[in-house]
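J.: using only what follows, build the 3D model:
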Amino acid sequence: LGGIQDACMELKQDYKPRISVVVCTKRHKQRFVVRGQRGMENMEPGTVVDTGVVSPNYMNFYLNSQQAIQGTSVPCHYYVLYDDNRFSMDMWQMLSFYLCHTYARCSRSVSYPAPVYYAHLACASARARMLSHYDWQGIQTGPEDPPTEEEIETITRPDKFNMFFI
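T.: As a prediction, this is how the structure comes out:
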């Protein structure tokens, strides 16, 4: 976080954008169901759980943002770690839910916000580029022998690659 703030200050001395850091996780064991006419059923999309099973020490909540296609739906667990915007818990919940409806590859809502999906795609693309343009078999991997600046420049040059598609 300090590095991001320092980078903003390098762009312009008085540039201090409001920054918020939110972590969303899907790999957890929590599942929520409701009693319906046919027994136990999945929660409706947009259902939020922010009391009882959440940590009282953190600003966190569970959000079920999509309709389960098969099986039990898995809500996403959100942790607001840092918030310059001073959003209320309700505002974070609404923003998170709305962002789950903006993913370009799907006409339905998805399980976690679109920026998270796009970040995952960008990281997967960077990994694929690095694996395909660097001889990983011929080096000793480890912190004592990282790639040189010239090798990283060769891997990351935008003119060497096609467009990035979502």
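J.: quick one, strands of this structure?
T.: Using DSSP state E, the strands of the chain run over 20-25, 33-36, 39-42, 47-49, 59-64, 76-83.
J.: deepest in the core, which of the ones you listed is it.
T.: strand 59-64 (a mean of 22; mean count of other Cβ atoms under 10 Å). Where C-beta positions appear, they are placed from N, C-alpha and C, glycine not excepted.
J.: now for the strands of the chain, which one comes closest to Pro115?
T.: Ranking the strands of the chain by proximity to Pro115 (Cβ to Cβ) places strand 20-25 first, at 9.8 Å.
J.: who does the closest one pair up with?
T.: Using DSSP bridges, the strands paired with strand 20-25 are strand 76-83 (antiparallel).
J.: sorry, back to before: got CSV for the strands of the chain, with distance to Phe97 too?
T.: CSV is the format used below for those (distance: least, Cβ to Cβ, whole Å):
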stretch, distance to Phe97
strand 20-25, 12
strand 33-36, 18
strand 39-42, 16
strand 47-49, 8
strand 59-64, 6
strand 76-83, 10
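J.: let me have those in TSV, extended by mean pLDDT.
T.: Listed next are the strands of the chain as TSV, based on pLDDT from 0 to 100:
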stretch	mean pLDDT
strand 20-25	93
strand 33-36	85
strand 39-42	86
strand 47-49	93
strand 59-64	95
strand 76-83	95
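J.: ok, which of these comes nearest Glu149?
T.: strand 20-25 (28.9 Å).
J.: residues of stretch 6-26 that come out buried?
T.: By 16 or more other Cβ atoms under 10 Å, the buried positions in stretch 6-26 come out as Val22.
J.: how far away is Glu149 from Ala114?
T.: To Ala114, Glu149 is 33 Å away according to Cβ to Cβ, to the nearest Å.
J.: okay, these two: which has more neighbours?
T.: The residue with more neighbours, out of Glu149 and Ala114, is Ala114; 19 against 8, by other Cβ atoms under 10 Å.
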